[in-house]
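Undergrad: Got a predicted model here, sequence first, then my questions.
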Amino acid sequence: MPSHFTTLERPTAAYVDLDSLAFNFRSLSKFVGPDVGILAVVKADAYGHGAVECALRLEAEGVDWFGVAIPEEGAELRRAGITRPILCLGSLWPGQEPLVIDNGLTPVVFTSLVARALNAAAERIGRSVDIHVKIDTGMGRLGVRWERAANFAQELANYSHLKVGGLLTHFASAEDPKQDEFTQQQVDRFNEAIQVFTAAGHIPTILDIANSPGTIRHPDSRKRLVRIGGGLFGLLDDILHDGTPRPEMRPVLSLCSRIVHVKDVPPGQSIGYGRSFFTKRDSRIALVPIGYADGYTRLLSNRSHMLVRGQVAPVVGRISMDWTEIDVTDIQGADAGDEVVLIGKQGERNISAADLAEIADTLGYEITCGISPRVPRVYR
């Protein structure tokens, strides 16, 4: 490796700007107003940004709740010193009742099996456990279907060691103006569920329906708490339609590396596995130490680009497990040691997670979540 490399580690890293994360939280808090709490969704390692570090900063900023997918994620936050309430959005698996109770996690419950097991576990230790109940108002995924909400409310009234502290649901297409009628139908169904739970003697103090796009596009869905995930990390560019009024949000993550080798290649030579790219001129091909094992998906092969010296360098050939090659022929002076930006800004140019997602026919969420653990996160 050239002597001007100043690190003993592979020069590929994801940089997480915690000040931008804090800015987004404050911006969203101002947008929803002082009477609406914010639950920060930090599941999937905070969408690839690092759950512990992001949660610690958000707790310092005054976030009300955290949301995780599974109890293991919640326990990790507790071990790191997080004290705010943590909601397990994906409920729990049989046998995880002690994990939930011992860590003071609030599970989402929507099945009789989980309710019975959790009540029995709480009864054994003489405690009451706070739960939130998820209502399926049209997502067709997790939750008690809205038509059965009254029956489930009556059943839960029989469990003396469970307290229904909250109700929630999840929008199917809150970001899509063409689906606004269905989104409103989901809101109406949720409001009906609130009534039937109240009639059954429950007093849920947390009413939670809006995800990031719902929070921004549907003011009537802002109940006592809103769940913000992608919005906190500046990942809504490919979720919300252009022209949607929204609070200012900044990207939090950038993905960078460095050129480790540049070679001169004559015309007509193939590059990479499968020989999917052939040089058409005398070319300078640079090697970048990142590949699909790092989360830079093969779907970007021959279609994406990186930034070098503030200029665009096309990805050429198939992305391999550990390496990607780029064409730097038109970038004067490009050489080993130069910084390469895969996500983020360099000079006047920018590549967003949404840009890569558009090429790969996915979402920016998947791009950042897919950055593998072997890519170190550097916080600043």
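TA: Yes, it's here.

Undergrad: Give me the secondary structure label for the residue lying closest to residue 232 once chain neighbours are set aside.
TA: By the measure of C-beta to C-beta, 6 or more residues apart in numbering, the closest residue to residue 232 outside its immediate chain neighbours is residue 24, 5.2 Å from it. For glycine as for every other residue, the C-beta is placed from the backbone atoms N, C-alpha and C. Recorded secondary structure, residue 24: helix (DSSP: H, G, I helix; E, B strand; the rest coil).

Undergrad: My guess is residue 24 contacts residue 249. True?
TA: Yes: using C-beta atoms under 8 Å, residue 24 makes contact with residue 249 at a distance of 4.9 Å.

Undergrad: any common contacting residues for the two?
TA: Counting by C-beta atoms under 8 Å, 6 or more residues apart in numbering, the residues touching both residue 24 and residue 249 are 231, 234.

Undergrad: so who does the residue nearest to the spatial centre of the chain touch?
TA: By C-alpha atoms, centre = their mean, the mean C-alpha position of the chain lies nearest to residue 47, the distance being 3.0 Å. By C-beta under 8 Å, 6+ apart, the residues touching residue 47 are 229-230, 233, 235, 365, 368-369.

Undergrad: I'd like to know which of those are part of helices.
TA: If you go by DSSP state H, these have 365, 368-369 in helices.

Undergrad: can you pull the contacts of the closest residue in space to residue 282 that isn't next to it in sequence?
TA: Counting by C-beta to C-beta, 6+ apart, the nearest residue to residue 282 once its immediate chain neighbours are dropped is residue 266, at 6.0 Å. Residue 266 is in contact with 279, 282-283, counting by C-beta under 8 Å, 6+ apart.

Undergrad: any idea how far residue 266 is from residue 86?
TA: 59 Å (C-beta to C-beta, to the nearest Å).

Undergrad: again, but for residue 115
TA: 19 Å.

Undergrad: These two - which one has more neighbours?
TA: residue 86 (26 against 20; other C-beta atoms under 10 Å).

Undergrad: In the sheet, which residues pair with the more buried one? Tell me.
TA: residue 66 (DSSP bridges).

Undergrad: Surely residue 246 and residue 236 touch.
TA: Yes: between residue 246 and residue 236 a contact is recorded at 7.1 Å, counting by C-beta under 8 Å.
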